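In: Show me the folded form of this:
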Amino acid sequence: MKTVFASLLLLSATAVSAAPIPDAVAAMLEAASGDAAQLKVVADIAKKTNPGSAAEIDAKVAGYTKAQAEAREAKLAAQGFTQGWTGSGEIGANVSSGNTENRGVAVGITLGKETRSWKHQLRGLVDYQEQNGVKSRERYFAGYEGNYNITPRLYALLPLAYEKDRFSGFNSRFAESIGLGYKLFDSPKLRLGLEAGPAFRQTKFTNGVQDNTFAARGAGNFWWGISSGLELTENATVFYDSFNTSVQSLTALTAKLNSKLSARASFQLNTESNPPLGRETSDTISRLTLVYGF
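Out: Prediction:
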C-alpha cells in the first residue's frame, strides 16, 4: 500500500512539475526554429523563465532539430549539380607592404555547395595596384577544395590551387594535394578544423628557375561567430619542401550590414623562405571590402 501511495505521489509531482509550454513561449520557439544558434538561446531563456516546462521545451527543441536534419538530408539528396550553390562576391581597397608599398583594388568571389557526402568550395581573388600609372602589384589566386565526409568530424580532402604574383617572385605556381582533415570544434558558435597531407607543386620563378617538387601541406581553418552579425575567421596554409617553405595566413573580421551585404576587414600574410634574389621573404596585404552574399 505504501509503494502504491508513493507512486501516486511521484506521478502527481511529475504532472505538476511538467507544466505545459505557454503559448507565447511556444510561438517564440517556433519562430527561432530555423536558426540552430538562435533556437538554443531562446530555449535557454524559456527554460529559465518557465522551469516547470523545461522537459517539454527540450522535447520541442529536439523535435525541431530532428525535423531540420531530415529536411536537409532530403533536400541534399534531391538537388542536381547546378542546384544548391551559394556564394559571395567582394570588392574594395587594399594596402600592401613588403615587396610593394601601395594602394589598390581587391576583387574576390567564393562559391560553395554541400551534398550528403561532399562539400565543394571555389575561390578566386585578384589584387591589383598602380603607382603613378605604373603597375606595382598584380596577384591572381584561384582554388578549389573538395571535402568528403568520412565521419561527422573526419573528412578526406582534395585541394587544388593556382597563383600568379610576379612582384613576389613567381610567374605561376600550381599546387595539388590530398589529405585528411579533422574538426576539433564544430558548433553553431565555433568551428576549428586541421588538415594535413602530401602535395606536389610546380613553380616558375621570375628569375627563370622552374621547381617541381613534392611537399607536405598543413592547414587550419577557424571560424568564430562573435555575435549574430559579427564573425572572425582565420585560414592558414603551409607548404614545406626541400627547396622552399610557403606560408599564407588570411585573417578576416566580417560585420553583417543587412541580409545580403557585409563589411569586411582582412589581413593577409604571405611568406617564402627562399625567394628569388632581391625579393623580400614576406608580403602583407590589408583589405577593406564590401561583401555581397547570394
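In: Where is the longest strand in the chain?
Out: As far as residue count goes, and with DSSP state E defining each element, the longest strand of the chain is strand 210-227.
In: buried stuff in it?
Out: Using 16 or more other CB atoms under 10 Å as the burial criterion, the residues of strand 210-227 that qualify are 211, 215, 217-223. Where you see a C-beta, it was placed from the backbone N, CA and C, and this is true even at glycine.
In: Kindly format the C-alpha coordinates of that strand as PDB.
Out: Coordinates of each C-alpha in strand 210-227 appear next as PDB, following Å, rounded to 0.1, in the frame of the first residue of the first chain:
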ATOM      1  CA  GLN A 210      61.500  26.200 -62.500                       C
ATOM      2  CA  ASP A 211      60.900  24.000 -59.500                       C
ATOM      3  CA  ASN A 212      58.700  20.800 -59.400                       C
ATOM      4  CA  THR A 213      58.700  19.200 -56.000                       C
ATOM      5  CA  PHE A 214      56.800  17.200 -53.500                       C
ATOM      6  CA  ALA A 215      55.800  18.900 -50.300                       C
ATOM      7  CA  ALA A 216      54.000  18.500 -47.100                       C
ATOM      8  CA  ARG A 217      50.800  20.600 -46.700                       C
ATOM      9  CA  GLY A 218      49.200  21.600 -43.400                       C
ATOM     10  CA  ALA A 219      46.200  23.900 -42.900                       C
ATOM     11  CA  GLY A 220      44.000  25.300 -40.200                       C
ATOM     12  CA  ASN A 221      40.500  26.800 -40.700                       C
ATOM     13  CA  PHE A 222      39.000  28.800 -37.800                       C
ATOM     14  CA  TRP A 223      35.500  30.400 -37.600                       C
ATOM     15  CA  TRP A 224      34.100  32.200 -34.500                       C
ATOM     16  CA  GLY A 225      30.600  33.600 -34.500                       C
ATOM     17  CA  ILE A 226      31.200  36.500 -32.100                       C
ATOM     18  CA  SER A 227      27.500  37.600 -32.400                       C
END
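In: neighbouring contacts of the helix with the most length in the chain?
Out: Assignment by DSSP state H gives helix 54-78 as the longest helix of the chain. The contact list for helix 54-78, computed with CB atoms under 8 Å, 6 or more residues apart in numbering, reads 18-21, 25-26, 29-30, 33-34, 36, 39-40, 43, 46-47, 50, 84, 114-116.
In: can you give me the mean pLDDT across whatever helix or strand comes next after that helix?
Out: Next helix or strand after helix 54-78 toward the C-terminus (DSSP states H and E): strand 86-97. Along strand 86-97, the predicted confidence averages to a pLDDT of 85.
In: Look up which residues are beta-bridged to the spatially most central residue of the chain.
Out: Closest to where the C-alpha atoms of the chain average out (CA atoms, centre = their mean) is Trp223, at 5.9 Å. According to DSSP bridges, the partner residues bridging Trp223 are Arg191, Thr233.
In: circling back to that earlier point, need the buried residues of strand 210-227 in a markdown table with pLDDT, can you?
Out: Conversion of the buried residues of strand 210-227 to a markdown table gives the following (pLDDT from 0 to 100):
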| residue | pLDDT |
| --- | --- |
| Asp211 | 87 |
| Ala215 | 97 |
| Arg217 | 98 |
| Gly218 | 98 |
| Ala219 | 98 |
| Gly220 | 98 |
| Asn221 | 97 |
| Phe222 | 98 |
| Trp223 | 98 |
